[in-house]
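J.: Here is a sequence together with a model predicted from it:
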Amino acid sequence: MKKSLLFIFVLVSLSAVSQSTIWTKGHAVWHYRFTNISYGYIKVWEDGDTTIQNQVCTKLRSVKHDFSQINQQGDLAEFVSDYIGGYIYVSNDTVYHWDVDHFSVLYDFSATMNDTWVLQSGGGAFGCNDTSLCVVQSAQTVNLGGQDYPELTLSYAPGSSEYVSGKVNSRFGPSEAYVLPFYRNCDSTIVEWDQIHFICFEDDSLYYNPTNEACEYYLGLNESALNPVTVYPNPSSGKIELLSDIPLKNIQVMNLVGATLKAFDANLTLMEINLTELPSGTYYLKIENSNGEQIIKPIQLSGR
């Protein structure tokens, strides 16, 4: 991974200059720094194609590298867990994302100032509205490698439970926020989510690292070797389903300092756990399958 460039470097063929296509150009990877009680970085990457409702989509997979203090001496442990991923596809000037059971607009690069679109519907968790609206504050073009790309500055309508914000370029996505819709609180009693900050982007023809910060560090577990476990819904009011190709053997529910609050034993590929008695906030599921492999997944509980 390159870590020293201070500017955008774009390789553009003569034929590409005359095209108006948007979005990434293959093998895209985004990196973000996050802070909360702990800190670390998040890696998002294009992980192949799949078909949803007859639409070919790109899967965006995400892994969080969380460095948490584990004792009074200040020693750190690295927790590697799945993070917010999703499915997107591009049509003309618009990027769509899979919104639970339908597609919604993620970015509309044909939009102009004061335009709005429905980013998410059917939500309403954490005291927010059922529908989240994206609002265009400004629209301009930015020249990269001899080609102009639309760039929007986005915000969200009051009461939105999910949002994208800041500057979003049609070539590589947001430069000030997460690439997919992110959760927010409309209930002041709920612990705030991770604070996300863009670090860098790279694909087959563009590398962008505006602050020259290391894109990733302390690499531990090989995320490509982790067997996928689906946790749904997340965020949740307390009842959670876990789905895995390999039978799940043990699930531990941990708080932010790593203390085990609850444990469940099973030998199932699909199981439900009930956490309704736990207060609202962020927790981790430490999941072990029948092969002895372990993975840690963050969950958000909204309370009863």
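T.: Now that the structure is in, tell me what you want to look at.

J.: hang on, isn't residue 153 packed against residue 137?
T.: Yes - using CB atoms under 8 Å, residue 153 is in contact with residue 137, at 4.5 Å. All C-beta spots, glycine's among them, are computed from the backbone N, C-alpha and C.

J.: got the residue ranges for the strands in the stretch 51-200 of the chain?
T.: For the stretch 51-200 of the chain, strands defined by DSSP state E, counting those that start in this stretch occupy the ranges 55-69, 76-82, 86-91, 94-99, 102-108, 116-121, 131-144, 147-156, 162-163, 166-169, 173-174, 182-183, 195-202.

J.: tell me the average confidence for the second one?
T.: Per-region confidence: strand 76-82 scores 78 on mean pLDDT.

J.: same thing with the first one?
T.: The average of the pLDDT scores along strand 55-69 is 90.

J.: circling back to that earlier point, and the strands of the stretch 51-200 of the chain, which is most packed in?
T.: Of all those, strand 173-174 carries the top mean neighbour count, a mean of 24, counting by mean count of other CB atoms under 10 Å.

J.: which residues does the residue nearest to residue 32 when sequence neighbours are not counted bridge with?
T.: Leaving aside its sequence neighbours, residue 32 sits nearest to residue 42 (CB to CB, 6 or more residues apart in numbering; 4.4 Å). In this entry, residue 42 is beta-bridged to residue 32, residue 64, by DSSP bridges.

J.: Roughly how far does residue 42 sit from residue 279?
T.: As judged by CB to CB, to the nearest Å, residue 42 and residue 279 stand 25 Å apart.

J.: repeat for residue 35
T.: Distance from residue 35 to residue 279, by CB to CB: 22 Å.

J.: same thing with residue 178?
T.: Counting by CB to CB, the gap from residue 178 to residue 279 is 26 Å.

J.: out of those two, which sits in the busier spot?
T.: residue 178 (25 against 12; other CB atoms under 10 Å).

J.: Can you pull out the low-pLDDT segments for the protein?
T.: 1-21, 69-76, 123-126, 188-192, 217-227, 256-258, 303-304 (pLDDT under 70).

J.: how far away is the most centrally placed residue in the chain from residue 60?
T.: Closest to where the C-alpha atoms of the chain average out (CA atoms, centre = their mean) is residue 84, at 3.3 Å. With the distance defined as CB to CB, residue 84 ends up 9 Å from residue 60.

J.: Common neighbours of these two, please.
T.: residue 180 (CB atoms under 8 Å, 6 or more residues apart in numbering).

J.: Mind listing what's buried along stretch 287-303?
T.: Within stretch 287-303, the residues that qualify as buried are 287, 289, 294-303, counting by 16 or more other CB atoms under 10 Å.

J.: which of those residues sit farthest apart?
T.: Greatest spacing in the buried residues of stretch 287-303, by CB to CB: 289 and 303 (29.2 Å).

J.: if we can go back for a sec, pretty sure the residue nearest to the centre of the chain is touching residue 182, no?
T.: Yes - with contacts counted by CB under 8 Å, residue 84 reaches residue 182, the gap being 7.0 Å.

J.: Among the strands of the stretch 51-200 of the chain, single out whichever gets nearest to residue 254.
T.: strand 76-82 (9.3 Å).

J.: For the closest one, which helices and strands make contact with it?
T.: strand 55-69, strand 294-301 (3 or more CB pairs under 8 Å, 6 or more residues apart in numbering; DSSP states H and E).

J.: Hey, what's the angle from the first one to strand 76-82? Just curious.
T.: Just to be clear, that refers to strand 55-69. 160 degrees (axes from the mean of the first three to the mean of the last three CA atoms, to 10 degrees).

J.: What separation do you get for the spatially closest residue to residue 160 that is not a sequence neighbour and residue 300?
T.: Nearest residue to residue 160 in three dimensions, chain neighbours excluded: residue 132, at 3.7 Å (CB to CB, 6+ apart). As judged by CB to CB, residue 132 and residue 300 stand 16 Å apart.

J.: Next, count neighbours for the closest residue to residue 133 other than its chain neighbours.
T.: Sequence neighbours aside, residue 157 is the residue nearest to residue 133 in space, at 3.8 Å (criterion: CB to CB, 6+ apart). For residue 157, the neighbour count with other CB under 10 Å is 15.
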